[in-house]
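J.: predicted model follows, preceded by the sequence.
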Protein chains: 2
Amino acid sequence: MTETKIDHKQLKEFTLQLLCASGGDVTEAEIVADVLVWSNLVGRESQGVWRLKELLPSLRSGAISSPCYPDFMQKTDSVVVMDAHHGFGRYAGQVAMQKSIEMARQFGVGLVAVRNSKHYGAGAYYAQLAAREDMLGIALTNSARRVAAYGGTTPVFGTNPFAFGAPLRSGESVLIDFSTSAMSGSMIRKGAETNESIPEGVAVDQHGNTVTDSKHEGYTILPFGGAKGYCLSLFVEILSGVVTGSLMSFQILNMLEKPLPSARIGIGHFFLAINITTLLQLDEYYERMEMLVAEIKKSKLQMDVAEIMIPGETRWRNYAEQLREGIRLDQKTTESLKSMANELGVATPW
Amino acid sequence: MTETKIDHKQLKEFTLQLLCASGGDVTEAEIVADVLVWSNLVGRESQGVWRLKELLPSLRSGAISSPCYPDFMQKTDSVVVMDAHHGFGRYAGQVAMQKSIEMARQFGVGLVAVRNSKHYGAGAYYAQLAAREDMLGIALTNSARRVAAYGGTTPVFGTNPFAFGAPLRSGESVLIDFSTSAMSGSMIRKGAETNESIPEGVAVDQHGNTVTDSKHEGYTILPFGGAKGYCLSLFVEILSGVVTGSLMSFQILNMLEKPLPSARIGIGHFFLAINITTLLQLDEYYERMEMLVAEIKKSKLQMDVAEIMIPGETRWRNYAEQLREGIRLDQKTTESLKSMANELGVATPW
């Protein structure tokens, strides 16, 4: 398959035009475009502009409202409950984390619980927003039911990803972002498009039999790491699903269950920002992080391992490279973008 | 081996006497005794009164200071940095979580970062303190180096356990508490005492070879769940080790490395309490938790599974049973307690 390289600014402008031509509010669409293109830049294609093929129809069907005029209910100096009114999850996520950061700047810690939102994409994006401001950031979200409890075969949880960011002196950050399921939904779906099979131990049918065919209907994903992964799924569900007052994952049909395109699915997010300078001097913090990173890097290695990576390190390498040399898009993505652009009368930049 | 049953109040009084006879301050010792006996009650013997055989010598050697007169540095309405002055980790943990709860009651969220503390035992204890007050509680701690980064064979992290509590209407709580390593240090050490071998995939030597002999010197524990467990170890390390200004796990010798008995090892903890009523009405919260628990319980089951347990459920069953019928102590523990009691001139209650 041929690959197209495109400048990130051009891709962002193009994304913005597609979103606006489909009815998106320009202020919100700029933020959504930033989240999507950032995901491409760091090499998370499955959370990047590839998602426009879901976002544009959702905008047109009214499943996503734009502008959404979110409500911010300021509960205390450090706590906000936000109703995203079925707007873009990526917009809701960005403004919610910014609100957390603002509160943390003044009060040391900021917590925003979001209800009635949509899929927000890569949690690492929101975590790095906090890290950029010299804060620790936590971003959690629930999602459509896909994942069994430990010992079960039917879906209760979403893939409920856990994201965390911590700044490094370089301007990059430690970026942790993983689904609490044995494999992320987007990885399986991206695999299904290229007919890749699901690895053993990842998915089961209702009877508990292993499923490896990624086109199999109605499989359930298992939690990662056994009982501990189940605990972490539940942790994410309580913080993002229960206390936000949003839908809980088990109440949300997944794509294989074919929810109506107009279904107004309200998922929940949880954001926490912690101001590092409230706890210790920034210079001391950076020095300590450098010591920790150095210690990890000087580990003796397992036989087949060339280097121990710090979480986020590969992401930032991709980011620097694609910022400089352009974002690589595979043929399937460019074709899908082109066909949407043609339909909307938007010129493709390649 | 014979088993002794002892009333929890008697065991607590006995524990208090042993601690005080070894130089512990009575106010602090009462809290430490409560944490230890609670751990026995819920069935976590490896974090229970069995630990007195480490605590009493540490008190006498001065490795643990009691009273420790902790410093509370109130940074904002919601954030405290606490210096535990090398006091009991269990005392430091209890007062720190209580402080978090107090702040959360007034300001929605309370965060306490603790430095210069000691091993605090079962994180679930502190998590349930928050849950008892209708709050969500998070308790994190670093610990002596035992665990490799993903891909490494030498220790960087402690077993860095993650604990979380969320109340249920019954008065019990969801209690999540797991080491971010493939197996907890206390499980391996308790296993070593009864000559149990370490399961495959849990520990390696410096060359990366599997270690199954629990008496092997210098093995390294692997993170649980591969790269995700490594990410979570790092998350716990940053929150409890880096930003608290305490020692980081890699700076702390583990027991196999035979640190001097008088070594003043300062580990770090991180506590967060979130006031549920700041986010939504308590009744709505309980109703939502009941729906979630019911959904988990009605999962279709894997072949060899009788029932899906909610995290903490088994703990609270043990708690109720042992509260009623007495705490079961194995012969090794009663012998060890008796020998310490004889030495200190304390009468054993059985």
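T.: Received the coordinates, thanks.
J.: mean confidence for whichever strand or helix holds residue A:287?
T.: Using DSSP states H and E, residue A:287 maps to helix A:282-297. Here helix A:282-297 scores 98 as its mean pLDDT.
J.: for the stretch 201-350 of chain A, which residue gets nearest to chain B?
T.: Closest residue of the stretch 201-350 of chain A to chain B, C-beta to the nearest C-beta: residue A:225 (2.7 Å). Heads up, the C-betas are built off the backbone N, CA and C, glycines and all.
J.: three-state assignment of that residue?
T.: Using DSSP: H, G, I helix; E, B strand; the rest coil, the structure places residue A:225 in coil.
J.: contacting residues for residue A:117?
T.: A:84, A:86, A:87, A:89, A:92, A:93, A:246, A:266, A:267, A:268, A:269 (C-beta atoms under 8 Å, 6 or more residues apart in numbering or on different chains).
J.: that one bridge partners, please.
T.: Beta-bridge partners for residue A:117, by DSSP bridges, are residue A:267.
J.: returning to what we had before: put the buried members of the contacts of residue A:117 into a ChimeraX selection.
T.: The buried residues among those can be selected in ChimeraX (16 or more other C-beta atoms under 10 Å in any protein chain shown) with this line:
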select /A:84,86,87,89,92,93,246,266,267,268,269
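J.: by pLDDT, rank the contacts of residue A:117 and give me the bottom one.
T.: residue A:266 (90).
J.: one step back: tell me, how many neighbours does the residue of the stretch 201-350 of chain A closest to chain B end up with?
T.: Burial of residue A:225 is recorded as 23 neighbouring residues (other C-beta atoms under 10 Å in any protein chain shown).
J.: just the C-alphas of the helix holding residue A:287, formatted as PDB.
T.: Taking C-alpha atoms only, helix A:282-297 is exported to PDB below (Å, rounded to 0.1, in the frame of the first residue of the first chain):
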ATOM      1  CA  LEU A 282      10.000  22.300  40.000                       C
ATOM      2  CA  ASP A 283      13.800  22.000  39.700                       C
ATOM      3  CA  GLU A 284      13.900  19.400  42.400                       C
ATOM      4  CA  TYR A 285      11.100  17.500  40.600                       C
ATOM      5  CA  TYR A 286      12.900  17.500  37.300                       C
ATOM      6  CA  GLU A 287      16.100  16.300  38.900                       C
ATOM      7  CA  ARG A 288      14.300  13.500  40.700                       C
ATOM      8  CA  MET A 289      12.600  12.500  37.400                       C
ATOM      9  CA  GLU A 290      16.000  12.400  35.700                       C
ATOM     10  CA  MET A 291      17.400  10.200  38.300                       C
ATOM     11  CA  LEU A 292      14.400   7.800  38.000                       C
ATOM     12  CA  VAL A 293      14.600   7.700  34.200                       C
ATOM     13  CA  ALA A 294      18.400   7.100  34.300                       C
ATOM     14  CA  GLU A 295      17.800   4.200  36.800                       C
ATOM     15  CA  ILE A 296      15.300   2.600  34.500                       C
ATOM     16  CA  LYS A 297      17.500   3.000  31.500                       C
END
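J.: sorry, back to before: the residue of the stretch 201-350 of chain A closest to chain B against residue B:222, yeah?
T.: No - look at residue A:225 against residue B:222 with C-beta atoms under 8 Å: they stay out of range, at 11.6 Å.
J.: what sits closest to residue A:42 if chain neighbours are left out?
T.: Of all residues not flanking residue A:42 in the chain, residue A:315 sits nearest, at 4.0 Å (C-beta to C-beta, 6 or more residues apart in numbering or on different chains).
J.: what sits against the one you found?
T.: A:42, A:43, A:44, A:124, A:175 are the contacts of residue A:315 under C-beta under 8 Å, 6+ apart.
J.: now name the helix or strand holding it.
T.: Here residue A:315 sits within helix A:313-325, counting by DSSP H and E.
J.: tell me the angle of that helix relative to helix A:282-297?
T.: Calculated by axes from the mean of the first three to the mean of the last three C-alpha atoms, to 10 degrees, helix A:313-325 forms an angle of 110 degrees with helix A:282-297.
J.: returning to that earlier point: the helix holding residue A:287 close to chain B?
T.: Yes - using C-beta under 8 Å from any C-beta of the partner chain, helix A:282-297 reaches chain B at A:284, A:285, A:288, A:289, A:291, A:292, A:295, A:296.
J.: assign residue A:215 to helix, strand or coil.
T.: Three-state call for residue A:215 (three-state DSSP): coil.
J.: ok, now how distant is the closest residue to it other than its chain neighbours from chain B?
T.: Using C-beta to C-beta, 6+ apart and skipping the chain neighbours, the partner closest in space to residue A:215 is residue A:192 (5.6 Å). Distance of residue A:192 to chain B, computed by C-beta to the nearest C-beta, to the nearest Å: 22 Å.
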